[in-house]
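J.: coords below, sequence missing:
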């Protein structure tokens, strides 16, 4: 799993971010104004060497790490990109399973970027029923299963049944079953 | 033809509208926070609405290749309800967002002391957050409402070139332009302003500091009246470049003053744009 020092290194020198982190360290409430500004100040570009991470997300995770008590309100008042950054920060900044309600919130949305981010490494704290529903929702929404953390390890017989029923329904409707879902199903069925 | 609708309430519109707008050339919209027909009763229904304006609605628009930004404020009508006013304390959180390009709609509905206070407070927020301001002019007693709005804008100290006075007509355009603010016109099926009347105003007052919008919402309105006005301009002797100035470059200039307008290409399949993790990165 990606670490905070790796994120900081990948961003390179950034005086604005250093000062923002210092301010948040002294006054955690400053996060409310600084967290949303990260995209404008640090860009929104993919980070070299850290696949799946953009510069604004990395900056936001580093800021949130200085004010872990602000995780909930930061998510509550976040726009789509901010909510996604909070979800990606959880395995690095949240204590135990204290933030699992945020995953449940994200899984209720209809935004595939949030649904996918909710199924990252922190999803180990999701109960199995919620995780299966989340995975099936990804298949429905067309989110590539490679975006979901640890699928092979966690997929079980119950998920196989759900995927099998999904595949039958799609086939009956003359619609395609996504290749990655079909592959996972075949694997679970021992084909 | 590329069209930027600087004032439209997409929350109230369907995906059919998005499809027709995209087909007509609409590539960017600004959705101002406003009332919803049914009055709200507390700050939390505002924040859920604001969340939608910076979350779900931009996502929805992106699926049709349309870039969506918002303006955030406590609207004048609901500024009169003491149960709603606490939302003023939550505005700074939203005024910090990437997708928020102005404070608005602010201004007057019935010109009460409560509206005076909310208007002045929110103009001060615009100055503090270095954002433009979108000012709604009242539908009743419009001329006096516009004059009084201009006076409040002058008193606030905000640069008038960062303010638009909206829903203007033949009687209120001159005072607005004379005061140095932008003049906004809402083209409606049978009230406010029509394409033909708009073209006459453009002939008389020119193209500078003019914004044309559909203000389409939950009432009888039409998101394509921006395109119809563009056609009426061409029929009325204006050039394609004139149309581009009024329906694209002017709103880009006005909202661009926020420093947050993002008009980088919006692909038709925006769902996974830029998210390499979803392309199989991990």
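T.: Looks like it came in fine. Remember, predicted model here, so these are calculated numbers, not experimental data.
J.: Chain B: helices as residue ranges?
T.: B:15-24, B:43-54, B:56-62, B:91-95, B:113-128, B:142-156, B:173-179, B:195-205, B:225-235, B:240-244, B:250-256 (DSSP state H).
J.: Only the buried residues of the fourth one, if you could.
T.: By 16 or more other Cβ atoms under 10 Å in any protein chain shown, the buried positions in helix B:91-95 come out as B:91, B:93, B:94, B:95. For glycine as for every other residue, the C-beta is placed from the backbone atoms N, C-alpha and C.
J.: Is it possible to get TSV of the helices of chain B that adds mean pLDDT and distance to chain A?
T.: Listed next are the helices of chain B as TSV, based on pLDDT from 0 to 100; distance: least, Cβ to the nearest Cβ, whole Å:
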stretch	mean pLDDT	distance to chain A
helix B:15-24	98	13
helix B:43-54	97	4
helix B:56-62	96	5
helix B:91-95	98	5
helix B:113-128	98	11
helix B:142-156	96	22
helix B:173-179	97	31
helix B:195-205	97	34
helix B:225-235	98	26
helix B:240-244	98	27
helix B:250-256	98	14
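J.: can you give me the helices for chain A?
T.: A:4-11, A:15-26, A:31-34, A:38-42, A:55-65, A:71-76, A:80-93, A:100-108, A:112-118, A:128-141, A:151-154, A:157-172, A:179-188.
J.: closest to residue B:52 out of the ones you listed?
T.: Closest to residue B:52 of the helices of chain A, according to Cβ to Cβ: helix A:80-93, at 10.7 Å.
J.: Can you name the residues of chain A that neighbour chain B?
T.: Neighbours of chain B within chain A, by Cβ under 8 Å from any Cβ of the partner chain: A:32-33, A:36-37, A:39-40, A:44, A:46, A:51-54, A:77, A:79-81, A:83, A:109-113, A:116, A:142-144, A:146-147, A:149.
J.: Out of these, which end up buried?
T.: Using 16+ other Cβ under 10 Å, the buried members of the residues of chain A next to chain B are A:32, A:36-37, A:39, A:44, A:46, A:52-54, A:77, A:79-81, A:83, A:109, A:111-113, A:116, A:143-144, A:146-147, A:149.
J.: and residue B:157, what does it touch?
T.: Contact analysis of residue B:157 by Cβ atoms under 8 Å, 6 or more residues apart in numbering or on different chains lists residue B:127.
J.: gap between it and chain A?
T.: From residue B:157 across to chain A, the span is 22 Å (Cβ to the nearest Cβ, to the nearest Å).
J.: what do you get for residue B:28?
T.: With Cβ to the nearest Cβ as the criterion, residue B:28 and chain A are 17 Å apart.
J.: Surely that residue is in contact with residue B:262?
T.: No - with contacts counted by Cβ atoms under 8 Å, residue B:28 stays clear of residue B:262, the gap being 9.5 Å.
J.: More neighbours: these two, which one.
T.: Comparing residue B:28 with residue B:262 by other Cβ atoms under 10 Å in any protein chain shown, the one with more neighbours is residue B:28, at 22 against 14.
J.: Enumerate the beta-bridge partners assigned to that one.
T.: Note on residue B:28: beta-bridge partners by DSSP bridges are residue B:4, residue B:67.
J.: Could you pull up the residues touching it?
T.: Counted by Cβ under 8 Å, 6+ apart, residue B:28 has contacts B:4, B:5, B:66, B:67, B:68, B:69, B:251, B:263.
J.: and if you look at residue B:74?
T.: B:46, B:84, B:85, B:87, B:88, B:91, B:106, B:118, B:122.
J.: So which of the residues you listed is the closest to residue A:27?
T.: residue B:91 (19.8 Å).
J.: Run through the residues that contact that closest one.
T.: Per Cβ under 8 Å, 6+ apart, neighbours of residue B:91: B:72, B:73, B:74, B:103, B:122, B:125.
J.: hang on, the earlier thing: export the helices of chain A to CSV and append columns for distance to residue B:258 and mean pLDDT.
T.: Formatted as CSV, these follow (distance: least, Cβ to Cβ, whole Å; pLDDT from 0 to 100):
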stretch, distance to residue B:258, mean pLDDT
helix A:4-11, 25, 96
helix A:15-26, 18, 98
helix A:31-34, 15, 97
helix A:38-42, 10, 96
helix A:55-65, 18, 98
helix A:71-76, 22, 97
helix A:80-93, 17, 97
helix A:100-108, 28, 97
helix A:112-118, 24, 96
helix A:128-141, 32, 97
helix A:151-154, 42, 95
helix A:157-172, 45, 97
helix A:179-188, 41, 96
